[in-house]
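Peer 1: kindly return the folded structure for what I paste below:
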Amino acid sequence: MHREGDSERRLTRRQFHKIAAAFGFTAAFGGLVGCSSGSQQATATTKPAPAPTTAAVQAKAAEQAPKEAAKAAAAEFKLNFAIEGVPNRWPNGPVAKCTLWNLGSWEFKENVEKRTNGRVQVIMHEGGSLGGQLELGQKTQQGVIQAGNFTTQNEAAYIPVWNVIDFPYVQGPIESVWKLIYSKEFNDVVRKASSDQGCFPVAVFPQLRKIAVRKNLPTEIRKPEQMSGLKIRVTGSRLEQEAFKILPANPTPLAWGEVYTAMKEGAIDGLHVGAASLADANIHEVCGQLIDSDFMYNWDATWLNTRWFHSLPADVQDQVMEGAYDTQVWIHKVWNDLHDKQVGSTKNAAADSIWKKSGANLVFLTDAERKEWEQYMSFERNKAQLQPLVEKFGKKEYELTQSIVASKTAPEPKKWWK
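Peer 2: Residues are numbered from 1 along each chain as shown. All right, here's what the predicted structure looks like:
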């Protein structure tokens with residue numbers, strides 16, 4: 001759900017038709033007007049996030065400049081890493097200070113430089129200075145930059161195999177997501193298919209997507225039928241669009257910069273994205289309910305360009321991956337505390353956490369209610385709609401995802417590339 005700004009409107013006709021061929025016109029149009037996580041970039045219709053001032057960011061950069069210059073002089077390899085967020089979006093955050101959808105980005109820099117003993121310098125380009133997520137995904141895939149942070153949903157516009165993890169409820173609970181992330185089989189099939197097309201994710205912050213609806217809806221939403229007719233802002237993700245057709249809601253493409261005002265004024269009834277990203281963009285302020293439907297995830301991830309990675313000596317490649325592994329383990333370690341103590345989207349949310357203080361009704365489905373959602377959106381019930389998409393985006397990859405999720409493998413950190 002990242003706002004892409006004006007950059008995506010400059011996609012060439014050829015690029016537009018490439019997206020349209022893969023996803024259909026609606027998805028292509030949806031991709032042009034908005035994607036899957038919030039952005040710091042303010043527009044006339046977006047309420048600016050109360051982040052530290054530009055002067056504070058510049059002061060920090062000035063402080064780091066001599067250190068970075070020394071690193072540059074010693075480094076053999078440069079890794080230009082572009083992100084949309086900033087390191088101090090939540091200066092008083094008890095778990096993370098940064099823009100939350102970029103969780104792990106600065107740890108990745110530190111870990112890679114440490115693991116390579118300074119042979120690789122990671123040069124951060126923050127605050128969307130090199131573009132929004134669709135643009136960063138394309139630049140990373142093409143090798144214009146060596147690394148970027150963006151979602152699998154955004155990169156699916158260019159590498160369609162990533163759609164296979166977005167079928168409703170295919171990933172299961174968060175424990176199963178960790179199994180996918182650490183799985184060698186998933187690496188050797190899905191990540192490899194991605195790598196073969198130009199880039200691959202190396203550190204993932206998985207966010208459960210929630211259905212956030214505007215204030216003043218007359219009914220608390222607990223059943224899928226209650227979504228009927230609601231105007232839900234969707235991304236360019238083909239699977240997200242299909243999910244809201246199944247419910248059936250009214251999937252509504254809308255530029256990210258217009259979401260805050262549209263929610264506030266009732267022009268749309270809701271949207272579907274991770275609670276941390278909603279908070280990053282202040283959209284929690286205009287939400288009346290946050291429903292833990294949890295049928296899809298954001299995979300906000302750090303991606304590497306394949307060609308650049310394979311140009312490194314073998315020992316440096318392994319050191320970069322060790323740095324990525326250190327980052328992934330750290331994200332995994334803080335995940336529960338981040339949501340309980342800072343984001344506040346869980347049953348254990350701290351009283352002073354973001355969503356707990358927002359005044360929105362946190363709707364937690366009962367086991368029986370969740371089963372009803374799962375059955376309503378199940379593959380079996382909606383096979384006519386979903387089977388063609390399995391064939392389109394990767395039957396082998398989809399079935400492997402199912403197999404790993406269903407396995408009894410413990411969701412423990414493992415070096416997935418070895």
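
Peer 1: could you find the closest non-adjacent residue to V213?
Peer 2: Of all residues beyond its chain neighbours, the one nearest V213 is G270 (3.7 Å), with distances taken as CB to CB, 6 or more residues apart in numbering. To be clear about C-beta, it is placed using only N, CA and C from the backbone, and glycine gets the same treatment.

Peer 1: now do the end-to-end distance for stretch 328-346.
Peer 2: As for stretch 328-346, its first-to-last residue distance stands at 22 Å under the measure CA to CA, to the nearest Å.

Peer 1: tell me the buried residues in it?
Peer 2: Burial within stretch 328-346, assessed by neighbour count using 16 or more other CB atoms under 10 Å, is assigned to 328-332, 334-335, 338-346.

Peer 1: mind checking which of those land in helices?
Peer 2: Counting by DSSP state H, the buried residues of stretch 328-346 place 328-332, 334-335 in helices.

Peer 1: thinking again about what came up before, nearest to K357 among the buried residues of stretch 328-346?
Peer 2: Using CB to CB, G344 comes nearest to K357 of these, at 7.2 Å.

Peer 1: contacts only, for that closest one.
Peer 2: 275, 350, 353-358 (CB atoms under 8 Å, 6 or more residues apart in numbering).

Peer 1: picking that back up, can you list the ones in helices among the buried residues of stretch 328-346 in TSV and add distance to V161 and pLDDT?
Peer 2: Below are these laid out as TSV (distance: CB to CB, whole Å; pLDDT from 0 to 100):
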residue	distance to V161	pLDDT
Q328	20	98
V329	25	98
W330	27	98
I331	23	98
H332	24	98
V334	29	98
W335	25	98
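
Peer 1: could the residues you listed go into a markdown table alongside distance to Q317?
Peer 2: What follows is those, written out as a markdown table (distance: CB to CB, whole Å):
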| residue | distance to Q317 |
| --- | --- |
| Q328 | 16 |
| V329 | 19 |
| W330 | 21 |
| I331 | 21 |
| H332 | 23 |
| V334 | 27 |
| W335 | 27 |
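
Peer 1: list of residues touching stretch 366-385?
Peer 2: Surrounding stretch 366-385, the residues in contact under the criterion CB under 8 Å, 6+ apart are 167-169, 222-225, 242-243, 245-247, 293-295, 365, 386-387.

Peer 1: give me the subset of those lying in strands.
Peer 2: Secondary structure assignment (DSSP state E) places none of the contacts of stretch 366-385 within strands.

Peer 1: in this structure, which strand has the most residues?
Peer 2: Of all the elements of type strand in the chain, the one with the most residues (DSSP E) is strand 199-214.

Peer 1: so for that strand, what's the average pLDDT?
Peer 2: On average, the pLDDT along strand 199-214 is 97.

Peer 1: what strands flank it, and is each parallel or antiparallel?
Peer 2: strand 270-274 (antiparallel), strand 287-291 (antiparallel), strand 297-305 (antiparallel) (DSSP bridges).

Peer 1: buried ones in the helix or strand that the longest one is followed by?
Peer 2: On the C-terminal side of strand 297-305, the closest following helix or strand by DSSP states H and E is helix 306-311. With burial defined by 16+ other CB under 10 Å, the residues of helix 306-311 counted as buried are 306, 308-309.

Peer 1: what packs against helix 306-311?
Peer 2: helix 314-337 (3 or more CB pairs under 8 Å, 6 or more residues apart in numbering; DSSP states H and E).

Peer 1: where does pLDDT dip in this protein?
Peer 2: Applying pLDDT under 70 to the predicted model, the residue ranges of the chain that meet it are 1-61.

Peer 1: can you pull out the strands in it?
Peer 2: In chain order, the chain shows strands spanning 77-82, 120-125, 147-151, 199-214, 231-234, 250-253, 270-274, 287-291, 297-305, 361-363, with DSSP E as the criterion.
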